[in-house]
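Peer 1: Got a predicted model here, sequence first, then my questions.
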Amino acid sequence: MPTITINGKECEFDKGQMVLQVALANGIEIPHYCYHPCLSIVASCRVCLVEVWAPNPRNDNAIEPIPKLLPACQTPAGDQQIVYSDSPKAILNQKAVMEYLLINHPIDCPVCDQAGECYLQDYSYQYGRGQVRFEEEKIKQPKKDIGPHVLLYSDRCIMCTRCVRFCREITGTGELMVDGRGSMEQIDIFPGQALDNELSANVVDLCPVGALLDKDFLFQQRVWFLKKTPSIDGLTCSGDNIYIEHNKGQIYRIKPRTNLDVNRHWITDELRYGWKFIHDENRLTVPAVSGEDAFEPNEASLAYEAAYTAANDKLAEAKKIALLISPMLSCEDAYLLATYASQFDGEVIFGIGPVPTSGEDKEFLDGFKLYAEKAPNARGVRRVLSKFGDVLDFNAFVKKLADADSLIATGNYPADWVEDELTVAAGDKFVMVIDTLPNGLTKRADVLIPAATWAEKAGTFENASNRLQTFDRAIDPIDYCKGESQIALDLIALRGGLTPDRYDAAAVRQKMAETHGLSEFVSEVQTPCEEEEAVKSDMEMVVL
Ligand code: SF4
């Protein structure tokens, strides 16, 4: 295999790789702005220029310096090349580029949302000069509202053109362009054409500085207060990898987590902004039992006891139980609820809740897909329930309800999901509902238990390509809600007179493999990859 030496480290590489790609793959940092692994290479920012020594075929392949600095992002790696991004010549260029980029850049880090995750801040510290020599007045550029989700602060832009290339090469919508030339150059939209496509807010993630900002997140939180929890799309069947970013139990934003096999570097705006229902003020938060006075929040443990006892007593008398598992639930939820229902009835009627769809599947230019199916786990729920018995689709389940005298129904949808036919079919049966938001069925429920959304619990989803992926709990359940898995464990324990286990997703998956032949939940399930290495500051604390 050919080798190249970068800053003294010998690295193997594949033919066609660029010097910067080899460096990044080997943990060597070379500063760069315009390069992005999923966009075309333009070599415009010039901060990645490196000194290259290469074999000279006209001098018996002696290793000789190439006179000019070369852009690491656009220079193919060559066998026996020696590259320096830390030589005096390369460092001088880095300082010059940083000084040039900062000439007109406003010093508004204290009020800029990007502060704390800004490559201009980080590189200024690591590669900049440390002093400002520019004494003239900075050019001021306008702030613009360029689309439903994105603001453009033009005077912070460093003209890397990542955003322009994204709209041309990934979405194919081409809303953004470079207007003007030289010092008057600026990013803009075409007249009358807003930045409005299904992936529009990805330009905010791509922008290495604070020029493109997310309207929804604007001034909401300083990024260094946010904790990032790896998760999976809990709204559609994409299985897109995400980070849920939160602080003190409040979610502030969802960002893409790189997985080149699933969502590459992107997520849809639908997923990015679709989490608001988690903090809906109408969330169900305390259990309720029909015939009993409503419980106050400070009576939550009493309410749970009453709800669990009523459910176990009523289901013990049931002749036929129907269990409706929502496609919004995790595989572990489905397994534990099916285990619980099967303890009362050896032939439970199993059904999958309605699977919402909207529009049609759409594939973008790089293969990224937006799915019409707006539920994360219809396949996983079916996979698990099929180990317990036949699984009916929603309409067939509603028809079959006539044969049952008890119904356990789960929801957890971001919006009202209950169709009249289900409430009518519930008739005068015993109905236990585990759900997050009020609807026709929660009003009709004999026992109502408030559930936790996917951000408030851990589990596994199976996406449209049958990929099983786990997700972690980002925030604690809101108020007194509980995950469906924990509810099932509590009910099973109470029935057996035992102390309930604390829900542990990995332990449940192990049990699924051992007891129901669901070995794929141990052998094939994919856990979140390591967090991407962020640019680390080497700033030292000053002791005063
Ligand atoms: S707005 Fe951001 S992403 Fe677009 S060119 Fe400017 S710095 Fe680059």
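Peer 2: Thanks, I have the structure now.
Peer 1: switch to C-alpha atoms for all contacts and neighbour counts from now on
Peer 2: Will do.
Peer 1: Next SSE downstream of the helix of greatest length in the chain?
Peer 2: If you go by DSSP state H, the chain has its longest helix at helix 300-317. With elements assigned by DSSP states H and E, the helix or strand that comes after helix 300-317 is strand 321-325.
Peer 1: Contacts for that following strand next, please.
Peer 2: By C-alpha atoms under 8 Å, 6 or more residues apart in numbering, the residues outside strand 321-325 that reach it are 315, 334, 338, 341, 344-345, 348-353, 381, 397, 401, 404-411.
Peer 1: Could I get the buried residue list for stretch 332-344?
Peer 2: 332-342, 344 (16 or more other C-alpha atoms under 10 Å).
Peer 1: Same question for stretch 20-38.
Peer 2: Buried, per 16+ other C-alpha under 10 Å, within stretch 20-38: 20-23, 30-35.
Peer 1: Stretch 99-106 now?
Peer 2: For stretch 99-106, by 16+ other C-alpha under 10 Å, it's 99, 101-105.
Peer 1: Write out the residues of the stretch 51-200 of the chain neighbouring the ligand.
Peer 2: Within reach of the ligand by C-alpha under 6 Å from any ligand atom, the stretch 51-200 of the chain has these residues: 157-163.
Peer 1: Please narrow those residues to those residing in helices.
Peer 2: 162-163.
Peer 1: So which of the residues of the stretch 51-200 of the chain next to the ligand wins on neighbours?
Peer 2: residue 163 (27 neighbours; other C-alpha atoms under 10 Å).
Peer 1: Per-residue pLDDT of that one, please?
Peer 2: Model confidence at residue 163, given as pLDDT, is 98.
Peer 1: Grab the nearest non-local neighbour of it.
Peer 2: Spatial nearest neighbour of residue 163, chain neighbours left out: residue 203 (5.2 Å); criterion: C-alpha to C-alpha, 6 or more residues apart in numbering.
Peer 1: Packing partners of the helix or strand harbouring that neighbour?
Peer 2: Using DSSP H and E, residue 203 sits within helix 202-206. On a contact count with 3 or more C-alpha pairs under 8 Å, 6 or more residues apart in numbering; DSSP states H and E, helix 202-206 meets helix 162-169, strand 212-214.
Peer 1: Identify the residues contacting the most centrally placed residue in the chain.
Peer 2: For the chain, residue 242 is the residue whose C-alpha lies nearest the centre (C-alpha atoms, centre = their mean; 1.5 Å). Contacts for residue 242 (C-alpha under 8 Å, 6+ apart) come out as 230-233, 254-258, 267.
Peer 1: which intervals of the stretch 401-544 of the chain have sub-threshold pLDDT?
Peer 2: 529-544 (pLDDT under 70).
Peer 1: now the helices for it?
Peer 2: 420-426, 440-444, 484-495, 505-516, 520-523 (DSSP state H, counting those that start in this stretch).
Peer 1: so what does the shortest one touch, helix or strand wise?
Peer 2: What it means is helix 520-523. Secondary elements touching helix 520-523 (3+ C-alpha pairs under 8 Å, 6+ apart): helix 505-516.
Peer 1: mind listing what's buried in the helix it packs on?
Peer 2: Applying 16+ other C-alpha under 10 Å to helix 505-516 flags 505-506, 508-512 as buried.
Peer 1: try stretch 39-48
Peer 2: 39, 42-48.
Peer 1: Need the residues of the stretch 51-200 of the chain next to the ligand in a markdown table (columns: distance to residue 73).
Peer 2: Shown next, in a markdown table, are these (distance: C-alpha to C-alpha, whole Å):
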| residue | distance to residue 73 |
| --- | --- |
| 157 | 20 |
| 158 | 17 |
| 159 | 16 |
| 160 | 13 |
| 161 | 15 |
| 162 | 14 |
| 163 | 18 |
